[in-house]
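Participant: pasting the sequence and the predicted model now:
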Amino acid sequence: MQPTLLVDVTNDMRVAREEIFGPVAVVIKFHDEEEVIKMANDSEYGLGGAVWTKDINRALRVARAVETGRMWVNAYNDLPAGSPFGGYKKSGIGRETHKLIMSAYTQKKNIFINMSDNPSGLY
């Protein structure tokens, strides 16, 4: 399939709502930062996103507000070794490629031992 750019797309179209795997991108017009954040978060997926801007304050506001596991600023798909990877919502479970993954395989338990000969607690 040749790389394809779909224009005049709205956020309610199937092509905008579902993940497309292939050389396909959609263009959705927006008027301001608040509107584009709302559109980005109006999804059941949240693996990754990106923002391109020269305004670092805007970049940080958008990166913090978009519900994704990873956000790039002025880049896309850079994956530094060892950095946590995983999504929000229906895009993945937990985090991979980081020590955080161990919590998915760990069952934590708190055991308190009274070393005194005298009883303690509520009994």
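Facilitator: Ah, there it is. Just so you know, these numbers come straight off a predicted model, no measurement behind them.
Participant: just list the residues touching Ile37, thanks.
Facilitator: Residues in contact with Ile37, defined by C-beta atoms under 8 Å, 6 or more residues apart in numbering, are 62, 65-66. Quick note: C-beta positions are derived from backbone N, CA and C, even for glycine.
Participant: can we see that at 6 Å?
Facilitator: Ile37 is in contact with Ala65, counting by C-beta atoms under 6 Å, 6 or more residues apart in numbering.
Participant: show me the strands in this protein, by range?
Facilitator: In the chain, the strands defined using DSSP state E lie at 4-6, 24-26, 45-46, 48-51, 70-73, 88-89.
Participant: where among those is average confidence lowest?
Facilitator: Lowest mean pLDDT within the strands of the chain: strand 88-89, a mean of 69.
Participant: as a markdown table, the strands of the chain with mean neighbour count and distance to Met39 would be great.
Facilitator: Formatted as a markdown table, those follow (neighbours: other C-beta atoms under 10 Å; distance: least, C-beta to C-beta, whole Å):
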| stretch | mean neighbour count | distance to Met39 |
| --- | --- | --- |
| strand 4-6 | 12 | 15 |
| strand 24-26 | 14 | 11 |
| strand 45-46 | 18 | 13 |
| strand 48-51 | 20 | 11 |
| strand 70-73 | 17 | 15 |
| strand 88-89 | 16 | 15 |
